[in-house]
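Novice: I'd like to go over a predicted model; first the sequence, then the structure.
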Amino acid sequence: MAAKLPIPEEARWQLAARIAAVLPVIYRAAFADVIGDEYDRIEQQVWVVLAQEARTAAGTFGLPVRTARELAGTLDIIATIFFGPELKSEQVALDDDRAVLLVKRCPLMLREEEGCGEPCPAFNRCLAFSIAAVEALNPAYTLRFVRSACQGDRNCEMKIARKDVVEAEEEGKRKKKR
């Protein structure tokens, strides 16, 4: 029989989430100078692998992933589970093929600011995780950042859309620039 822990469950959840969000800051402090210029690339690969766990969690708990709207909701749930209840976000469903997830408070950014006073490295982690998570959950969809709090915007705005739609939009923009 497992011993009863003297710490209430809610406090354990808060502590575990805080530790999960501060680990990247600790790893950067410990290893970035030793690894050098390759650190960001290596760290992004860790976040891509972590994104595969999003697919595992979604499958385990039967979270929906068929449409952009469902993907935004599932990504919101998964990110809250992985990074803690400090994450505050809002979903905006445009239609089944396009949705937006607005992140108004991010524990990864908060821990980065506490650790070094500047949130800049959090964007690379979030970008790698978020895109890879959406594509792992449903390969027909992808994610693009419209705004990023890590890079000075008021909040994060992530657009989830079908890959074919995003690719067509990006091709149209490239043609206009020529």
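Specialist: Arrived safely, thanks for sending.
Novice: residue 146 sits in which helix or strand?
Specialist: Using DSSP states H and E, residue 146 falls within strand 141-147.
Novice: what pairs with the helix or strand that comes right after that strand, parallel or antiparallel?
Specialist: Counting by DSSP H and E, the element after strand 141-147 in chain order, helix or strand, is strand 156-162. Strand 156-162 has the following sheet partners, assigned by DSSP bridges: strand 98-105 (antiparallel), strand 141-147 (antiparallel).
Novice: and of those, who's closest to residue 157?
Specialist: Closest to residue 157 of these is strand 141-147 (CB to CB; 4.1 Å). The C-beta positions use only the backbone N, C-alpha and C, and glycine is treated the same way.
Novice: which non-adjacent residue is nearest residue 139?
Specialist: Excluding its sequence neighbours, the residue lying closest to residue 139 (CB to CB, 6 or more residues apart in numbering) is residue 163, at 7.9 Å.
Novice: who's in contact with the one you found?
Specialist: Contacts for residue 163 (CB atoms under 8 Å, 6 or more residues apart in numbering) come out as 139-142.
Novice: any low-confidence regions in this protein?
Specialist: Low-confidence segments of the chain (pLDDT under 70): 1-3, 115-120.
Novice: before we move on, back to that, any figure for the gap between the residue nearest to residue 139 and residue 111?
Specialist: Distance of residue 163 to residue 111, computed by CB to CB, to the nearest Å: 32 Å.
Novice: now residue 17
Specialist: For residue 17, the distance to residue 111 equals 10 Å [CB to CB].
Novice: out of the two, which sits in the more crowded spot?
Specialist: The residue with more neighbours, out of residue 17 and residue 111, is residue 111; 24 against 19, by other CB atoms under 10 Å.
Novice: that one reaches residue 20, doesn't it?
Specialist: No - using CB atoms under 8 Å, residue 111 is not in contact with residue 20, being 9.3 Å away.
Novice: surely residue 96 is in contact with residue 69?
Specialist: Yes - contact criterion CB under 8 Å: residue 96 and residue 69 qualify, at 6.0 Å.
Novice: of these two, which one has the most company?
Specialist: Taking other CB under 10 Å, residue 96 and residue 69 do not tie; residue 69 has more neighbours (19 against 12).
Novice: please enumerate the helices of this structure.
Specialist: 9-35, 39-61, 68-83, 107-116, 120-137, 163-177 (DSSP state H).
Novice: buried ones in the first one?
Specialist: Spelled out, that is helix 9-35. 17-18, 20-22, 24-25, 28, 32 (16 or more other CB atoms under 10 Å).
Novice: so it versus helix 39-61, what angle?
Specialist: Helix 9-35 runs at 150 degrees relative to helix 39-61, counting by axes from the mean of the first three to the mean of the last three CA atoms, to 10 degrees.
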